[in-house]
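Participant: Got a sequence here, can you build the structure:
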Amino acid sequence: MTTTTLAALVPLLPFLGAVAGLLLGRTAPGYVRPLAILPTLTAAVIAVIVAARQGGGRAIDAATQLTPTGSVPIDLALHLDGFAVLVAVLVGLVATCVQIYSTAYLRDDPRYPSYAALVSLFTAAMLLVVYSGDLMVLLVGWEIMGICSYFLVGHYWETPEARAASLKAFLVTKLGDVPFLIGLFALAADTGTFRITKILGAVANGGLDHPTLIALLLLAGVAGKSAQFPLHTWLPDAMAGPTPVSALIHAATMVAAGIYFVARLLPVFAASGAALVVLAVMAAVTMIGSGLAALAQDDIKRVLAYSTIGQLGYMSGALAVGDRGAAVFHLLSHGAFKAVLFLAAGVVIHAAGTNSLAVMSRMSGLPKRIPDAYWTMTVALLALAAIPPFAGFFSKEAVLVAAEHTAFGDRDVAPAAAGWTILVAGLIAAVLTAAYAARLWLLAFRGRGAEAPEHGRQPVAMTSVLWILAIPTIAFGLAVGTIGDWFDGHALTPSLATAVLSTGVGLVGGLVTYGAWRHTTALAARTPMGSVVAHPDAEPALVEVEAMTAHTAAYGHDGDAPDPADPGRLLLGPLHRHAAAGFHLDALYAALFVRPVLGAARVVRFLDREVVDTYVRGSGTGARWLGTAVRRAQTGNVQTYLSALLAGSLVLAIAAVVFANVNAGS
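Facilitator: Numbers count the residues shown, from 1 in each chain. The predicted structure follows:
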């Protein structure tokens, strides 16, 4: 079987699994779990075979015309380069682990069949984006992911948080998709094609007439899909969905799609220095702002959500300095350790019976209850904090090295201003990342107080995937010297200066947080605080819903827990309240957009009810009155009818005489 045929099966198998799961979910529930796991697992294995055949060498292309359009053709095209095949392996691996994990996590959920089918469809859509060589086909996968995220984030639709989060995720990403679609059409109009290889060829030959406009339009869609400032606010709220969905969205699908898209079309963006500077500023604000927000969150999943936003900022920063190899390298390593973090967080929430780090800090013995989650989450947090020799260290170093080369003029792909922006922001974000990673670990696993509830051993389906994903978290970075061929032959080894500097500032951030935690533990012992402890036999998903609802009721939607012992509160000082609320961007958007739209809707409703409806009601009333008058005139008396006829004839005769005299006199 040819490589292109195998590649076509990779997105097709999860799609067929999704269709079969939806059709058989009610009539044959025993087939739901095999249909969820086997097609995705097979697709992951085939993706590995495709990657091995491609071998990081020359890109493999295949295409057939999908439909004649009369102008710009649309092709069903595959483009398999080193980036595509490696990202497909990541998507297949994480999606398979999520499906296996979900069989235990949502074991008794009545909506599991539709959930599993949507996860498979989500996976197929992302794989279509990864392998597609045509922008219109890529757009199909892009939009399918958007609708899947709406349904999956709103899986617990009984809770108001899930309903609001799913609607917000859909609307914010669609807000970015409108200019994104315009940008795609403008790009096709300039280059005469939707084929990615032909577009890049046209750009190389100077065939792009409006590079800045097109790049900025496309960046709006990327900002929405990959949760970059200022369209990032949907991602923390999306934590209302099931934890496996969070792992899938954050590690391998939706938020990675925007970064991957820019990496595929980087020459289009590099054709405009202004667009790269805009991307650099967007990435810098995202990195620093999300780091501060993560340091102030009390909900463990919201900490990880803001962490994802910040790490996506690093990837955007690498693209802003023209290094797509560093961006995709960090995308791959981040996908592995972020999947571990979210799936382990699901185990932690089940064991603790709460999402609140403040409550966990008053529990002892949690690591003994969940050793698998404890050790894998510790490894993943070290990778997140970019501590060597874990994968996150090497991939983050690749980003900083790229920024350093651009800042000092060693690479002229992007303006030096973009390089300096990313280098400085990246180092500041490294301090913040280490700080919130240390805070999460200390509050979750070094609590002091009552013993954590005993739930027995966690299901093997949930713990085994943590160790599977921990392997690339530990080992992927160590292969940095041998994977250059997969990244355009570009070396991704760290430099001594940035390695020492970034690791040093990271250690400072972690140690300062540890000192603040030691300083505040005495306050925690003197401040009584209730906890939310679920029934020992409760299902993990049910525990999460109950914990989420209780957390919202206790602390509000901004996650600002009233715990003075939080080291994040001590480190941030007066900034803590604003950082916990996401710097009030939601309130700002509500004031600038939501309230004016609602006000305009009220005006329209008033005009419709009081003006338009008044004319409609008036015409009906006039017709009714006329009918009443005519009805009263119909008396049935023939003499009355003859009298009215004679009177009318007399009036007409008089009028005719008067009219004739007037004409004669003139």
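Participant: which element follows the worst-scoring helix or strand of the chain on mean pLDDT toward the C-terminus?
Facilitator: Across the helices and strands of the chain, mean pLDDT, DSSP states H and E gives its lowest value to helix 540-555, namely a mean of 64. Later in the chain than helix 540-555, the nearest helix or strand by DSSP states H and E is helix 567-572.
Participant: Give the buried residues for that following helix.
Facilitator: Buried residues in helix 567-572, counted by 16 or more other C-beta atoms under 10 Å: 567-572. Backbone N, C-alpha and C define where each C-beta goes, glycine included.
Participant: which one of those residues sits closest to residue 20?
Facilitator: Nearest to residue 20 among those is residue 568, at 46.6 Å by C-beta to C-beta.
Participant: Which secondary structure state is assigned to the spatially most central residue of the chain?
Facilitator: Nearest to the mean C-alpha position of the chain, by C-alpha atoms, centre = their mean, lies residue 255 at 4.4 Å. Classification of residue 255 by DSSP: H, G, I helix; E, B strand; the rest coil places it in helix.
Participant: was I right about it contacting residue 311?
Facilitator: No - between residue 255 and residue 311 there is no contact under C-beta atoms under 8 Å: 9.4 Å.
Participant: Pick out the most distant pair among the buried residues of helix 567-572.
Facilitator: 567 and 572 (9.5 Å).
Participant: List the buried residues for stretch 469-489?
Facilitator: 469-470, 472-474, 476-477, 480, 483-484, 486-487.
Participant: of all those residues, which comes closest to residue 609?
Facilitator: Nearest member of those to residue 609, counting by C-beta to C-beta, is residue 469, at 56.8 Å.
Participant: Distance check, that closest one against residue 333.
Facilitator: Distance, residue 469 to residue 333, by C-beta to C-beta, to the nearest Å: 11 Å.
Participant: Now name the helix or strand holding residue 64.
Facilitator: Assigned by DSSP H and E, residue 64 belongs to strand 60-67.
Participant: Now do the same for that strand: mean pLDDT, whole number.
Facilitator: Mean pLDDT, strand 60-67: 84.
Participant: Determine the set of other helices and strands touching the next helix or strand after that strand.
Facilitator: Once strand 60-67 ends, the next helix or strand along the chain (criterion: DSSP H and E) is strand 74-80. Contacts defined by 3 or more C-beta pairs under 8 Å, 6 or more residues apart in numbering; DSSP states H and E place strand 74-80 against helix 3-24, strand 60-67, helix 112-131, helix 135-153, helix 196-204.
Participant: What lies in contact with the helix or strand that the first one is followed by?
Facilitator: This points to helix 3-24. Downstream of helix 3-24, the first helix or strand assigned by DSSP H and E is helix 32-54. With C-beta atoms under 8 Å, 6 or more residues apart in numbering as the contact definition, helix 32-54 has outside contacts at 3, 6-7, 9-11, 13-14, 16-17, 20-21, 24-25, 60, 80-82, 85-86, 88-89, 91-93, 95-96, 99-100, 102-103, 112-113, 116-117, 119-120, 123, 127.
Participant: Quick one: end-to-end distance for stretch 491-498.
Facilitator: Criterion C-alpha to C-alpha, to the nearest Å; first-to-last residue distance in stretch 491-498 is 15 Å.
Participant: how far does it sit from the chain's center?
Facilitator: Computed by C-alpha atoms, centre = their mean, to the nearest Å, the chain-centroid distance of stretch 491-498 equals 30 Å.
Participant: Also stretch 568-578?
Facilitator: Centroid displacement of stretch 568-578 relative to its chain, using C-alpha atoms, centre = their mean, is 27 Å.
Participant: what distance separates the start and the end of that stretch?
Facilitator: Chord length of stretch 568-578, first to last residue, is 12 Å (C-alpha to C-alpha).
Participant: Name the spans of the stretch 301-450 of the chain whose pLDDT lies under the cut-off.
Facilitator: For the stretch 301-450 of the chain, applying pLDDT under 70 flags no range at all.
Participant: Next up, the contacts around residue 103.
Facilitator: Neighbouring residues of residue 103 by C-beta under 8 Å, 6+ apart: 33, 36-37, 461.
Participant: repeat that with 6 Å
Facilitator: With contact taken as C-beta atoms under 6 Å, 6 or more residues apart in numbering, residue 103 is in contact with 33, 461.
Participant: which outside residues touch stretch 181-196?
Facilitator: For stretch 181-196, the surrounding residues in contact (C-beta under 6 Å, 6+ apart) are 72, 74-75, 77, 79, 133-136, 199, 202, 207-209, 214, 217-218.
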